[in-house]
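> Show me how the following folds:
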Amino acid sequence: GGSSDTFRFTRAGNFGIDKHGNLVTGNGMNVYGWQAYEREADGTYTFDTENPIEPINLFSDSHNGNKRMIAARATTSAVFVGNLDSATPIWVPEDPSGDEEDEVDRSKMIFTVPVTVYDSLGNDYKINIEFKKTSAGGGVSTWEWEIPSVGNVTSSATGSIRFDSKGQIIKDNEDEVFPLITIEPDDSVGSEPIEIKLDFSGLTMYSGDSSVKPISVDGYSTGSLVTFSIGSDGIITGIYSNGQQQPLGLIALASFENPAGLQKVGNNMYLPTTNSGDFTKAVRAGMGSVGTLNPGTLEMSNVDLSREFSDMIITQRGFQANSRIITTSDEMLQELVNLKR
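So this is what the prediction gives:
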């Protein structure tokens, strides 16, 4: 429908996008619904269905701005699991005198864990967390970790974690197990410093190869709209090139006192009549007397197949009988011509 025309209603869901990003029906009419929403703490979305309905545009709207791109999100947390080898030699600082006899293979004393993090603009940075065993005794082993500056990021993040004689991390100091670090991108980038809370609570120290790795690092770069899907609740979800999703709109549904009284106007469209009742207020799928949507399905034919087959047989028999009459008339005329001869 439109602002200068009456609303039309349809049961078909063969929607598409026009060149301006409007969600349209198969014959180019705008699909109406809501586009303003709030994101709840549990990750769900709440649309304000008390607002007037408006044409749904998947590219942009006055509430959400440009929807063809999804904004980047800076990394705020990183969770690590794995083992630090208890047989790792204790770290020995370099001898400033440089005596050859004091030189040791320090590569075996450092275990490096690479991590990719994102700033507020979506730029990605590959940083390394270096673990070194610095002391052991009295049933406690201490490991120090450090994130050295690299490339266009500056970091002075350091800390230590302790393990007991059973190889379990000692959790009496939360700042040790869950340290908060700051990574500062180069000023020329123009982003904010990245504050990340590390989670080392899943680490162990047993005899075996070191295997620490990040299992959950949030944050992501910007993404562009790739495709969209419509759920049974009527929410149109955009899927972006960075793997993220966000709602683009909510389709509005209409209910009538007598749906059978709607007037067919072609192209799977209906108009309300005095028999069907008036369209008063749009509602979302699943509310009140309105059902849910069936995305990705086709509606079955609602004709009586047995009656259709019966009518087809009757029509065929009638045609067959009429063709016999024509054949008989043709033979009589032929005989009449022969009599004259």
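
> for the protein, which residue is closest to the average position?
The centre of the chain sits closest to Gln245, judged by Cα atoms, centre = their mean, with a distance of 2.9 Å.

> Would you mind measuring from it to Gly231?
Shown here: Gln245 relative to Gly231, a distance of 11 Å by Cβ to Cβ, to the nearest Å. All C-beta atoms are positioned from the backbone trio N, CA, C, and that covers glycine.

> what sits in contact with each of those two?
Common neighbours of Gln245 and Gly231, using Cβ atoms under 8 Å, 6 or more residues apart in numbering, are Thr237.

> need the contact list for Val189.
Counting by Cβ under 8 Å, 6+ apart, Val189 makes contact with Asp119, Leu121, Asn123, Asn152.

> let's go with 10 Å and repeat that
Contact analysis of Val189 by Cβ atoms under 10 Å, 6 or more residues apart in numbering lists Asp119, Ser120, Leu121, Asn123, Tyr125, Asn152, Val153.

> Can you tell me which of those residues are buried?
Among the contacts of Val189, those scoring as buried are Asp119, Ser120, Asn123, Tyr125, Val153 (criterion: 16 or more other Cβ atoms under 10 Å).

> now for these, which pair is the farthest apart?
Ser120 and Val153 (13.6 Å; Cβ to Cβ).

> Any chance you could list residues touching both of the two?
Both Ser120 and Val153 are contacted by Pro185, Val189, Pro193, Ile194, under the criterion Cβ under 10 Å, 6+ apart.

> Which strands or helices does the longest helix along the chain pack on?
Counting by DSSP state H, the longest helix found in the chain is helix 305-340. Contacts defined by 3 or more Cβ pairs under 10 Å, 6 or more residues apart in numbering; DSSP states H and E place helix 305-340 against no helix or strand at all.

> Return the distance of that helix from the chain's centre.
Distance, stretch centre to chain centre, for helix 305-340: 64 Å (Cα atoms, centre = their mean, to the nearest Å).

> buried residues in it?
Buried, per 16+ other Cβ under 10 Å, within helix 305-340: nothing.

> avg pLDDT for that helix?
What helix 305-340 shows for mean pLDDT is 83.

> Stretch 141-156 too?
On average, stretch 141-156 scores 94.

> what about that stretch, distance to the chain center?
Centroid displacement of stretch 141-156 relative to its chain, using Cα atoms, centre = their mean, is 34 Å.
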